[in-house]
Every structure is written in structure tokens, then in C-alpha cells.
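# need the 3D shape of this:
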Amino acid sequence: MLRGFTASDCVQIAAIWNSACSDDLVITSNFVEYNTHPATGVIQSGQIAKLNDEPVGFVLASTLPDNPAVSPPSLGWIDAIAVLPMAQRQGIGSALLAWAEEWLKKQGCTRFRLGGSLKPFAPGLPIELNTEKFFLARGFVGGKLDWDVASDLREYAHPPYSVDATMRPARTGDENAMHEFFNREFPNRWRCEFEEFLREQGRLSDYHLLITERGVDGFARLTFEISERPIERFFMHRLPKPWGQLGPIGVSKDTRGKGFGGALLDAGLRYLKDCGARGCVIDWTGLIDFYGKFGFKPYRQYAMLAKETSRLD
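Next up, the predicted model:
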């Protein structure tokens, strides 16, 4: 039996997720609450599966129908889906997934992506769950693999860069220049995430800036254990505490290939280290070799799965 998700289900969703996943992927109800408070313009819905009147599974789905600069209205996300081990192989996961696909169709979506929403539980399907066959058998297609990479910043050392720019944490008064930068260089998802960050009253210093004579020419977003977005989203349980995270990171198009990106990355990592962070993740990337130059090694792999369909299916 399926019933609609409500805000009071956050504790149960965390418990189901934690039981279905490994210890390395543990989340808290606070994280679920954060992810089920949708970003501006996002529509989200979900279902709880019950067996013998007890919650045994859940699915959450979302879409952003009216902001094509960030996401096409044809795209919907399967934010998260999980079933308790004792209730698996009884058709519950299939029923939850079918409900999510049907709900997304009703929102006008014809492409369903597993993970990777604006407030993601994960970028894609964690390979360690060994559940890719379940989704492939139901029409999802993969091929691309992305990574989280990790390092212990206590050991971080990199030759300093020499570029004609200043790197520092953002501070009050930088907002307009940051808006101009994002509108000019990254007008899609990263601009949207910055605007949402301001609405949620995140600490402006969690953005590390690259500043040239032109003004803001690059950014690296940092996450600490006291940041507004839960750092557990990066599943850092195998890394030493205190934790820190870096990403996304980007510089203006006309500065690329000139050392500015590396200098900004180096400055962001040094800032994390100076703030006491040890275990550090750079998430959701395919640039293994680039980050390897800074001491980062592959940490977690994700299968990026999606399904194309028709509203008439």
C-alpha cells in the first residue's frame, strides 16, 4: 500500500535509507528535512510504502517546470528511492518507481534522471549499492560514471600559484558582483544555487572568490560542518573529522587555461585546512586526473542513469 509523503515522515525516510544502504551512506532526518524543503520553483512529491501497516519503503520525485535556463521542463528527477532489506523482492520498489514515473509524466516530464536534483540525495546511483540492474531492467540507461574524490588536508601541500588575482572568502557587499559574475559566466544551475543559498541565509564566506581587475572572476563553494547545507550529503564517514567539502568551482571563460582555476582551487583547499578541516571531498566530477594533481584520490563512484519516455506511454 502506498500513501503520500508528509513532512512528518522525515525520520522514517532516514531510517529506511540507512537500513537499505551501507554505513558509508548514512543520513539524518535533518538532511531529509533539508532536501524535502524544495528549492524555489521545484515541485516535489513522494510516497511511503507500507507493509502490515509499517513503513518499509519510500520514493521522492521532483521537477523544475518553469525555469528552463536551469533545467528543461521535460526533465524530472527520482530524488531518492529505498526499500527495507526485509521487504525487498516483493514488488515494492517497482511500485514506488512506477508511481514516481507516472507522477513526473503528469508534470509534463519525458525524461527521468536518477539523482542529481537541485537538492540531491546523491549525484547518481552509488555503485557500491549494487542495484544498477534493478533500474536497467526498468528502462533506465547508463554509460557515464562520475566520482567523488577525497583527501586528508592535514597532508595537503601544493606549490603556490602566481597569478594576478586575489583569492579570499566572500563578504558582505560582494553580493552584487557575485550576481553579475554568475549571470555572465554560469547563468544556469550554479547561478540558481547561489540565489537559493542567499535565500536560505547561508554564510557568504562559504564562497571563496577569485578577484581580478575586472571584479569577481571565479568561485569555489565550500561546505563545513556548520554550513547551511548538511555536509553529510557528501557521505564522508570514512574520512577523518573535522570534515570540509569543495565544489562546485569555476572561473570565467576567458581566464581558463591560464592557471587561475588551479590557483583558486589551491586557495580554497588552503582555506579549508586553515579552518581545521581534515577529511575533504570534491564531489560529482569526472576530472580525476586534474584533482589528482592536488592529492585527491577516487572515493565514491556513481552511475548516471536516465530514462526517456513518452507522455502517452
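# next, count neighbours for residue 167.
Neighbours of residue 167 under the rule other C-beta atoms under 10 Å: 21. Where you see a C-beta, it was placed from the backbone N, CA and C, and this is true even at glycine.
# now it, what's its secondary structure?
Residue 167 falls in the strand class when you classify it by DSSP: H, G, I helix; E, B strand; the rest coil.
# check it and give its pLDDT.
We have a pLDDT of 96 for residue 167.
# wait, it sits on residue 212?
No: the pair residue 167 / residue 212 is not scored as a contact, 10.5 Å apart, by C-beta atoms under 8 Å.
# leaving out the residues flanking it, which one is nearest to residue 197?
The spatial neighbour of residue 197 that comes closest, neighbours along the chain excluded (C-beta to C-beta, 6 or more residues apart in numbering), is residue 228 at 7.2 Å.
# what residue ranges in this structure score low on pLDDT?
Scanning the chain for pLDDT under 70 picks out the ranges 311-313.
# distance of residue 276 from residue 41?
According to C-beta to C-beta, to the nearest Å, residue 276 stands 36 Å off from residue 41.
# give me the phi and psi for the residue nearest to residue 197.
Per-residue torsions, residue 228: phi -70, psi -30 (degrees, to the nearest 10).
# check residue 178 too.
The phi and psi values for residue 178, taken as degrees, to the nearest 10, are phi -70, psi -40.
# so how far is residue 135 from it?
From residue 178 across to residue 135, the span is 38 Å (C-beta to C-beta).
# of the two, which one has the most company?
residue 135 (22 against 19).
# that one reaches residue 115, doesn't it?
No: using C-beta under 8 Å, residue 135 makes no contact with residue 115, being 10.7 Å away.
# next, show the common contact partners of those two.
Common neighbours of residue 135 and residue 115 (criterion: C-beta atoms under 8 Å, 6 or more residues apart in numbering): residue 125.
# who's in contact with the residue positioned nearest the centre of the chain?
Central residue of the chain (C-alpha atoms, centre = their mean): residue 120, 4.3 Å from the mean position. Contacts for residue 120 (C-beta under 8 Å, 6+ apart) come out as 35, 79, 233.
# are we agreed that it is in a strand?
No: when three-state DSSP is applied, residue 120 is found to be coil, with no strand at that position.
# what separation is there between it and residue 304?
Residue 120 is 12 Å from residue 304, by C-beta to C-beta.
# span of stretch 85-95 from start to end?
16 Å (C-alpha to C-alpha, to the nearest Å).
# from what I can see residue 299 touches residue 128, true?
No: in this structure, residue 299 is not within contact of residue 128 by C-beta under 8 Å, at 11.0 Å.
# okay, those two: which has more neighbours?
When residue 299 and residue 128 are compared for neighbours, residue 299 comes out ahead with 21 against 14, by other C-beta under 10 Å.
# helix or strand for the residue lying closest to the more buried one once chain neighbours are set aside, just tell me which one.
Among residues not flanking residue 299 along the chain, residue 150 sits closest, at 3.7 Å (C-beta to C-beta, 6+ apart). Per DSSP states H and E: residue 150 is located in strand 141-152.
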